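# The sequence isn't on hand, but the structure is:
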């Protein structure tokens, strides 16, 4: 487990290193921000402990550089001047936790121990995903033999290599985001970013800032320029989940982006070009949403170039045994020792699962199997 500790206090660096090395960690020390920045760009670390207030180069810059090099790295920020605003900013930038100074050796050991466990759990999850993917290809995420589901999958497969906008509708838990990921993975944009945005998760001002970005000083708390998700998805795919929950004012701005291919940050006077493929989804009837006035018709038809409808689980009963056994093997490998022999679902168990209404669809079935 490779640990980098960045702090300009020599005594603190050396005492922390002594504690962590006794616990078996491989520890690298750095006392200057510029040196740390070069180090995290050149080498991969599992855990990075960085002082938030470094001279010349800030801890936030080091945090972002470490995550850019290794997205699975765990970064813990340390500071002797903790505040709500700085902690929120650090967490938003990707920090895993916040360690106020002064701290005890025990506090450090417990925190790094938790971080180490999280790193190992992430490695194991990645290993399992790779094993399952190698064994079953795309069927790991798109499991099913029912005609309605296969039609949806084949349509997604056909449209994926194009740049056409796709609109996915289906009940909550039917796998709309999985289909969006499948489309992106099989597109010419697969090496670029897939950005997912839940339009129902944020209030309007925050949603606007998240989507379009903002300039420094655009509003209270905007202390730096921030790119929006549309810019982040440039060259890739933007997945707009629960589109019908997007406020009408933002729908108008989004329509302009689709029409002109440019985005303007909040508070900016100029626009920037973006090349984004749109995949949208909703668990409501989109046509009804248009008729009721919660979804702009012109936006809907721009995004609905190719519609994909996912059937609810109760209408693909023949897929339940396949899904249940897949989730059983997945969660058994995740939660049990390798030496434990995996059980099998009995015929009575399968019959019972097939009889349920599954109002939460595939997501509910997945949770039930993991609970069992």
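Received, thanks. Nothing here was measured: the structure is a model prediction, and the numbers come from that model.
# And the helices in the stretch 51-200 of the chain, which stretches?
All helices of the stretch 51-200 of the chain, identified by DSSP state H, counting those that start in this stretch, fall at 59-69, 84-92, 105-136, 147-159, 176-185.
# Which residues does the first one contact?
In this case it means helix 59-69. 4, 6, 33, 36-37, 40-41, 43-45, 48, 50-54, 73, 75, 77-79, 89-90, 93-95 (Cβ atoms under 8 Å, 6 or more residues apart in numbering). (Each C-beta comes from the backbone N, C-alpha and C, glycine too.)
# among these, which ones are buried?
Neighbour-count burial (16 or more other Cβ atoms under 10 Å) applied to those gives 4, 6, 33, 36-37, 40, 45, 48, 50-54, 73, 75, 77-79, 89-90, 94-95.
# got a list of contacts for stretch 227-235?
Identification of contacts with stretch 227-235 by Cβ under 8 Å, 6+ apart yields 189, 192-195, 197, 209-214, 238, 257, 263, 265, 272, 274-276.
# tell me which residues of stretch 222-229 are tucked away?
222, 226, 228-229.
# One more: stretch 352-363?
353, 358, 360-362.
# circling back: could you dump the helices of the stretch 51-200 of the chain into JSON lines with mean pLDDT added?
Shown next, in JSON lines, are these (pLDDT from 0 to 100):
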{"stretch": "helix 59-69", "mean pLDDT": "87"}
{"stretch": "helix 84-92", "mean pLDDT": "74"}
{"stretch": "helix 105-136", "mean pLDDT": "75"}
{"stretch": "helix 147-159", "mean pLDDT": "95"}
{"stretch": "helix 176-185", "mean pLDDT": "94"}
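# Tell me which of the ones you listed sits nearest to residue 22.
Among the helices of the stretch 51-200 of the chain, the nearest to residue 22 by Cβ to Cβ is helix 105-136 (9.1 Å).
# Which ones among the buried residues of stretch 352-363 lie within helices?
The helices in this structure, assigned by DSSP state H, contain 353, 361-362 from the buried residues of stretch 352-363.
# on that earlier part again, for the buried residues of stretch 352-363, which one is nearest residue 291?
Lowest distance from residue 291 to the buried residues of stretch 352-363 (Cβ to Cβ) belongs to residue 361, with 25.2 Å.
# Help me confirm that the closest one comes into contact with residue 178.
No - if you go by Cβ atoms under 8 Å, residue 361 and residue 178 don't touch, sitting 11.5 Å apart.
# about what we covered before: which of the buried residues of stretch 222-229 fall in strands?
The members of the buried residues of stretch 222-229 that map onto strands under DSSP state E are residue 226.
# Quick check: residue 363 vs residue 286, distance?
21 Å (Cβ to Cβ, to the nearest Å).
# re the thing from before, CSV please, covering the helices of the stretch 51-200 of the chain and showing distance to residue 305.
Rendered in CSV, the data for those read as follows (distance: least, Cβ to Cβ, whole Å):
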stretch, distance to residue 305
helix 59-69, 34
helix 84-92, 34
helix 105-136, 29
helix 147-159, 8
helix 176-185, 12
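# Which one, of the ones you listed, ends up nearest to residue 315?
Set against residue 315 and scored by Cβ to Cβ, those come closest in helix 147-159, at 6.4 Å.
# what separates the closest one from the chain centre, distance-wise?
Averaged C-alpha coordinates place helix 147-159 at 25 Å from its chain's average position (Cα atoms, centre = their mean, to the nearest Å).
# Please find the angle between the direction vectors of that helix and helix 176-185.
Angle, helix 147-159 to helix 176-185, by axes from the mean of the first three to the mean of the last three Cα atoms, to 10 degrees: 30 degrees.
# Show me what helix 147-159 packs onto, helices and strands only.
Using 3 or more Cβ pairs under 8 Å, 6 or more residues apart in numbering; DSSP states H and E as the contact definition, the elements that helix 147-159 packs against are helix 176-185, strand 306-309.
# and it, which residues are buried?
Using 16+ other Cβ under 10 Å, the residues of helix 147-159 that count as buried are 149, 152-153, 155-156, 159.
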